[in-house]
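Novice: coords please:
(chains A, B, C and D)
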There are 2 protein chains.
Amino acid sequence: MSVPHLSESTEMYLKAMVELSGTEAVMIGRLAERLNVTPVSANEMVRRLGEQGLVSHKPYKGVTLTEKGNEVACNVIRRQRLWECFLYDHLKIEWSQVYEFACSLEHATAPQVTEALANFLGNPQTCPRGNPIPDKNGSFIPLDGILLSEAKVGDTVTILAVNATATDVLKYLQEKNILPGQKMTVLEAAPLQGPLMLKVGSKEVALGLSLAEFVIVKSNR
Amino acid sequence: MSVPHLSESTEMYLKAMVELSGTEAVMIGRLAERLNVTPVSANEMVRRLGEQGLVSHKPYKGVTLTEKGNEVACNVIRRQRLWECFLYDHLKIEWSQVYEFACSLEHATAPQVTEALANFLGNPQTCPRGNPIPDKNGSFIPLDGILLSEAKVGDTVTILAVNATATDVLKYLQEKNILPGQKMTVLEAAPLQGPLMLKVGSKEVALGLSLAEFVIVKSNR
DNA sequence: TGGAATAATAAGGTCAACCATAACATTTGG
DNA sequence: CCAAATGTTATGGTTGACCTTATTATTCCA
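Specialist: Numbers count the residues shown, from 1 in each chain, chains lettered A, B, ... in the order given. I've put the predicted structure just below:
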């Protein structure tokens, strides 16, 4: 490899940035939260990433990926999501566990293996959670949807993607049948940031707002 | 996992011990050589492994795996060789590169993924290099063969396995067509630890003794 | 049997990625 | 507009897995 080899930690930070924000600035606190480290540690790491030219950090304004950082991040995400496809479609690993296992594998995957895997899988466009898989060059079409937490009462929507990463969260959503492709109706939104009442299939489901933020949906017209 | 998680380094040491010796004691120098670290580092690491009850080290006599250590090692080897099968048979990765890529993946593979992979592959018995794949419990039938370096002039042998791990060595052997299943005849053994002259297919090949030690063969009666 | 080769131990150092605690800066909402 | 929340910086600590240099111990064979 010509790339000096980026650490697993580096890859996790860059990936988290894309997963948290797309291209907008991410506050260090959010990053720290997602990566389960203290804000102080995240700050340190962001400084290191800045020194490597992978991110730029405006104090109190958040962190953004540089072009280089974005390229690396998309590459990591590509690897991750390809492995998700393999684990789910071929190894029959449970949906809620796929992300976690793919995450370990992604850091151990050379470019050559990534491309061979993509080829083996038939160059899939989305992962089992519904997210698009970046192409070799790191570009991908963002999903055309809104957060379920922003849907209006009465809306009938189709789930495009589930953006959660924690296995327990995924497991919970899986149990409630909140999965890509599923149709559902927003029955009610409780006040004071309360849960959403949803009709999923034949069942009524109460879903906390913070969980609803993980779900990307498309309004059926 | 109930296992406290063993580091990648730990896994590499344990695996190297099996690859170097089967079950006999390994001198620290050999270990250090194989793992590309200094003997001092290997010594330190062996002490740590000893503290964890994975190896036992008799000064000046070498290191042996404990039962626990052997179990872990066989498990690592299982993962490694299953990935070798996948990379070779399904991803069509070049033979000489398969070991190296599988080695990265092995450390990132949870037991559940290992078993799902074994199942997907149809529980293969040998890896592309010809080595047996330990079963779930870590047991496997050792190859019934001798080192090519110990074969006698005039012998016609079939290659059972190639035990090299370095990609450049594997590449060299691949170019000479020294691959599992291949038949060949020992034409001559040069004196003073000199190379073997082999007839491989229609070609004559000179192979250094140290390379011949990587090749396990079975005499055709 | 003595010396070369090999092995072990000691002491001190580096590096990445974390941690905690504490002080200080900025932003933002009530 | 000010205080709480959030973010930043400083300082010092830990851990794993390496490193070097130097000294001492053991083995083994010529």
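Novice: Quick check on A:Glu188: phi, psi?
Specialist: A:Glu188 adopts backbone torsions of phi -170, psi 150, taken as degrees, to the nearest 10.
Novice: give me every residue that touches A:Gly62.
Specialist: A:24-28 (CB atoms under 8 Å, 6 or more residues apart in numbering or on different chains). For every residue, glycine as well, the C-beta is placed using N, CA and C.
Novice: So which residues on chain A come close to chain B?
Specialist: Within chain A, the positions lying close to chain B (CB under 8 Å from any CB of the partner chain) are A:87, A:90-93, A:97, A:101, A:104-105, A:107-110, A:112-113, A:116-117, A:119-120.
Novice: ok so, going back, would you turn the contacts of A:Gly62 into TSV with neighbour count?
Specialist: As requested, those are exported to TSV (neighbours: other CB atoms under 10 Å in any protein chain shown):
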residue	neighbour count
A:Glu24	10
A:Ala25	16
A:Val26	25
A:Met27	16
A:Ile28	19
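Novice: Where is pLDDT lowest across those?
Specialist: pLDDT across the contacts of A:Gly62 is lowest for A:Glu24, at 85.
Novice: just to revisit the earlier point, could I have the PyMOL command that selects the buried members from the residues of chain A next to chain B?
Specialist: Restricted to buried positions by 16 or more other CB atoms under 10 Å in any protein chain shown, the PyMOL selection for these reads:
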select buried, chain A and resi 87+91+93+97+101+104+105+107+108+109+110+113+116+117+120
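Novice: can you give me the end-to-end distance of stretch A:48-59?
Specialist: Stretch A:48-59 has an end-to-end distance of 15 Å (CA to CA, to the nearest Å).
Novice: That one: which residues count as buried?
Specialist: For stretch A:48-59, the neighbour count (16+ other CB under 10 Å) marks A:49, A:54-57 as buried.
Novice: among those, which two are most distant?
Specialist: Of all pairs drawn from these, the widest gap by CB to CB lies between A:Leu54 and A:His57 and measures 10.5 Å.
Novice: picking up where we left off before, which of the residues of chain A next to chain B fall in helices?
Specialist: A:97, A:101, A:104-105, A:112-113, A:116-117, A:119-120 (DSSP state H).
Novice: what about the helix or strand where A:Thr10 lies and DNA strand D, any contact?
Specialist: Element membership for A:Thr10 (DSSP states H and E) is helix A:8-21. No - judged by CB under 7 Å from any atom of the strand, helix A:8-21 and DNA strand D are separated, with a smallest distance of 11.6 Å.
Novice: Of the buried residues of stretch A:48-59, just say which sits nearest to DNA strand D.
Specialist: If you rank these by distance to DNA strand D using CB to the nearest atom of the strand, A:His57 comes first, at 6.2 Å.
Novice: Does the closest one fall in a helix, a strand, or a coil region?
Specialist: Following DSSP: H, G, I helix; E, B strand; the rest coil, the label given to A:His57 is strand.
Novice: quick one: A:Thr126 from A:Val76, how far?
Specialist: From A:Thr126 across to A:Val76, the span is 17 Å (CB to CB, to the nearest Å).
Novice: More neighbours: these two, which one.
Specialist: Neighbour comparison, A:Thr126 and A:Val76: the larger count goes to A:Val76, with 26 against 17 (by other CB atoms under 10 Å in any protein chain shown).
Novice: That one touches A:Lys15, doesn't it?
Specialist: Yes - applying CB atoms under 8 Å, one finds A:Val76 in contact with A:Lys15, separated by 4.7 Å.
Novice: Contact partners for A:Gly69?
Specialist: By CB under 8 Å, 6+ apart, the contact set of A:Gly69 is A:14, A:17, A:49, A:53-55.
Novice: that older thread, need the max-distance pair from the ones in helices among the residues of chain A next to chain B.
Specialist: The span of those, defined through CB to CB, is set by A:Gln97 and A:Gln112 at 26.6 Å.
Novice: okay, the contacts of A:Gly69 in TSV with distance to B:Asp144 next?
Specialist: Output for those, formatted as TSV (distance: CB to CB, whole Å):
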residue	distance to B:Asp144
A:Leu14	50
A:Met17	54
A:Leu49	53
A:Gly53	56
A:Leu54	53
A:Val55	56
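Novice: If I take the helix ranked longest in chain A and helix A:111-121, what angle do their directions form?
Specialist: In chain A, assigned by DSSP H, the helix with the most residues is helix A:67-85. Angle, helix A:67-85 to helix A:111-121, by axes from the mean of the first three to the mean of the last three CA atoms, to 10 degrees: 40 degrees.
Novice: Report the rounded mean pLDDT for helix A:67-85.
Specialist: Across helix A:67-85, pLDDT averages out at 95.
Novice: got the buried residues for it?
Specialist: Neighbour-count burial for helix A:67-85 [16+ other CB under 10 Å]: A:69-85.
Novice: now swap in stretch A:128-144 and tell me
Specialist: A:128-134, A:138, A:140, A:143.
Novice: Excluding chain neighbours, what is closest to A:Thr165?
Specialist: Among residues not flanking A:Thr165 along the chain, A:Tyr99 sits closest, at 5.4 Å (CB to CB, 6 or more residues apart in numbering or on different chains).
Novice: How many residues are close by the one you found?
Specialist: Residues contacting A:Tyr99 under the criterion other CB under 10 Å number 24.
Novice: which element is it on?
Specialist: Under the criterion of DSSP H and E, A:Tyr99 resides in helix A:95-106.
Novice: which other residues reach that helix?
Specialist: Outside helix A:95-106, the residues that reach it (CB under 8 Å, 6+ apart) are A:11, A:76, A:79-81, A:83-84, A:87-88, A:93, A:128-129, A:164-165, A:167, A:170-171, A:173-174, A:179, B:105, B:108-110, B:112-113.
Novice: Show me how far stretch A:159-169 is from its chain's centre.
Specialist: 7 Å (CA atoms, centre = their mean, to the nearest Å).
Novice: List the contacts of it.
Specialist: Contacts of stretch A:159-169 (CB under 8 Å, 6+ apart): A:19, A:34, A:96-97, A:99-100, A:103, A:126, A:129-131, A:143-145, A:148, A:170, A:173, A:178-184, A:211, A:214-218.
Novice: Number of residues surrounding A:Ala166?
Specialist: The number of residues packed around A:Ala166, counting by other CB under 10 Å, is 14.
Novice: Next, it: phi, psi?
Specialist: The phi/psi pair for A:Ala166 (degrees, to the nearest 10) is phi -70, psi 130.
Novice: By proximity to DNA strand D, which residue of chain A wins?
Specialist: Taking CB to the nearest atom of the strand, chain A has A:Gly29 as its residue nearest DNA strand D, at 2.3 Å.
Novice: can you tell me if the helix holding A:Thr10 touches DNA strand C.
Specialist: Yes - for helix A:8-21, a contact with DNA strand C is found by CB under 7 Å from any atom of the strand, at A:8-10, A:12.
Novice: Could you dump the contacts of A:Gly62 into TSV with secondary structure added?
Specialist: Output for the contacts of A:Gly62, formatted as TSV (three-state DSSP):
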residue	secondary structure
A:Glu24	coil
A:Ala25	coil
A:Val26	strand
A:Met27	coil
A:Ile28	helix
